[in-house]
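Colleague: Sequence and predicted structure below; questions after.
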Amino acid sequence: GLFGLTVPEDFGGAGLNTTQYAKVVQTMAYAAPAYRSIFSINVGMFNSAIKNGGTDAQKAEWWPRIAEGAIACFGLTEPGSGSDSAAMATTARPDPEGNGWILNGTKRYITNAPHADVGLIMARTKKDAQPKNAHVSAFIVPMDTPGVSTSSPDKKMGQAGSHISDIMLDDVHVPGDALLGEQTGQGFRFAMMSLDNGRISVGAASTGYARRALDSALKYANERQAFGEPIANFQLIQQMLSESWTEIYAAEAMMADVTARVDRGENTVKHAAAFKVFASEMCGRVVDRVVQIYGGAGYLAEYDAERFFRDARIYRIYEGTTQILQLQIAKHMLRDYAAGI
């Protein structure tokens, strides 16, 4: 099924590369942005974490299950820890009665959590955060494990079909082979690698949804009459349409570049962040223009424009806010400069 698009064929998937995956995401976001979010957590986050860090046994166990339709979630964010991993409070301590682990803590804003079959949970396995982020490990946790519970889905301003909630972990016992890669201290690295993929997904979704909003505005501008003619004839309306098309085209060009780099095996941390920042901010500008083109109708719930506005707002927040990613881009620029790259 769809959840197995990037799973290797040997494990029951379609084996799509990143360029192909991004085009699917773009099309999916055009049609159903909330479902795109559900889909991308499985494919862009969980599957990629298994690819980047999983053992052969973990791949053999979970990739076929995801390809068959199992729903996954990705537990990184906490009530007091989002961008700051050093503040992570969820803990995993060795089980004194065996070779497993005992998890305790709360995760916040977790997409798919209310319906997930499995979660990739980040937890602190040692007190000291040095060397940087070496205190975080990742665990594959079936959501029906005793001690795992979720809150009621949060009420969001947009993309209502994609549910998020808290995950509560109360003395959750998992076996030793639940540790991703069977290595402690690697969870944050695996999470960041997955987030690079997630940022490409959000960027692709932003281009797809911006395209849908622009298509709607173009149709409305040709149908809406003012002063005896379609408002599409007015130059300032044309300016908003042309600026939007140009920005979408630029974002699509960035998508083609960054996904090709991924498929060539290049390091794309900086490129993925830049694409996500530009595309999500672009989408915000496009949907704002669409509301303006609709005029008063754009402020009414019965028209598509106001939903475009609400649905698109999250793109600038999840998988790394614009502000955090701007800092990340600059950090990598300065690091590359110092290294003479």
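Modeller: Looks like it arrived, so ask away. Residues are numbered from 1 along each chain as shown.
Colleague: use CA for all of it now, contacts and neighbours both
Modeller: Noted.
Colleague: Return the distance of stretch 183-194 from the chain's centre.
Modeller: Mean-position distance between stretch 183-194 and its chain equals 16 Å (Cα atoms, centre = their mean, to the nearest Å).
Colleague: wait, doesn't residue 120 sit right on residue 143?
Modeller: No. In this structure residue 120 lies outside contact range of residue 143 using Cα atoms under 8 Å: 9.8 Å.
Colleague: In terms of packing, which of the two has more residues around it?
Modeller: residue 120 (25 against 21; other Cα atoms under 10 Å).
Colleague: Using neighbour counts, pick out the buried residues of stretch 188-201.
Modeller: Residues of stretch 188-201 classed as buried: 188-191, 193-201 (neighbour count, 16 or more other Cα atoms under 10 Å).
Colleague: Just want the phi and psi numbers for residue 81.
Modeller: When quoted as degrees, to the nearest 10, the phi and psi of residue 81 stand at phi -150, psi 110.
Colleague: wait, what's in contact with it?
Modeller: Going by Cα atoms under 8 Å, 6 or more residues apart in numbering, residue 81 touches 87, 88, 89.
Colleague: which residues does it bridge with?
Modeller: Note on residue 81: beta-bridge partners residue 78, judged by DSSP bridges.
Colleague: Check the gap between it and residue 107 for me.
Modeller: Taking Cα to Cα, to the nearest Å as the measure, residue 81 falls 9 Å from residue 107.
Colleague: With residue 119 instead?
Modeller: Distance from residue 119 to residue 107, by Cα to Cα: 11 Å.
Colleague: Looking at the two, which is more packed in?
Modeller: Neighbour comparison, residue 119 and residue 107: the larger count goes to residue 107, with 27 against 23 (by other Cα under 10 Å).
Colleague: so residue 200 makes contact with residue 20?
Modeller: No. With contact defined as Cα under 8 Å, residue 200 and residue 20 do not form a contacting pair (12.0 Å).
Colleague: quick one: secondary structure of residue 138?
Modeller: The three-state label given to residue 138 by DSSP: H, G, I helix; E, B strand; the rest coil is strand.
Colleague: And residue 200, by the same measure?
Modeller: Going by three-state DSSP: residue 200 is helix.
Colleague: residue nearest the centroid of the protein?
Modeller: Of all residues in the chain, the one closest to the mean position by Cα atoms, centre = their mean is residue 198, 4.0 Å from it.
Colleague: Report the contact partners of it.
Modeller: Residue 198 neighbours (Cα under 8 Å, 6+ apart): 40, 41, 44, 45, 319.
Colleague: Doesn't the second one lie inside a strand?
Modeller: No. According to three-state DSSP, residue 41 belongs to no strand; its state is helix.
Colleague: give me the number of residues near it?
Modeller: Per other Cα under 10 Å, the neighbour tally for residue 41 reads 24.
Colleague: which residues does it contact?
Modeller: Taking Cα under 8 Å, 6+ apart, we find residue 41 in contact with 72, 73, 74, 111, 112, 198.
Colleague: Restricted to strands, list the residues you listed.
Modeller: Judged by DSSP state E, strands contain the following of those: 72, 73, 74, 111.
Colleague: low-scoring stretches of the chain, by residue?
Modeller: Along the chain, the parts satisfying pLDDT under 70 run over 83, 85-86, 129.
Colleague: what ranges do the helices span in it?
Modeller: Ranges of helices in the chain, per DSSP state H, are 18-31, 33-40, 48-53, 56-67, 187-223, 235-263, 269-294, 304-312, 322-338.
Colleague: Using PDB, list the CA coordinates for the second one.
Modeller: By that I understand helix 33-40. What follows is helix 33-40, C-alpha atoms only, in PDB (Å, rounded to 0.1, in the frame of the first residue of the first chain):
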ATOM      1  CA  PRO A  33      -3.300  17.700   3.100                       C
ATOM      2  CA  ALA A  34      -4.400  16.000   6.300                       C
ATOM      3  CA  TYR A  35      -3.900  12.600   4.900                       C
ATOM      4  CA  ARG A  36      -0.500  13.700   3.500                       C
ATOM      5  CA  SER A  37       0.500  14.300   7.100                       C
ATOM      6  CA  ILE A  38      -0.600  10.800   8.200                       C
ATOM      7  CA  PHE A  39       1.200   9.300   5.300                       C
ATOM      8  CA  SER A  40       4.400  11.200   5.700                       C
END
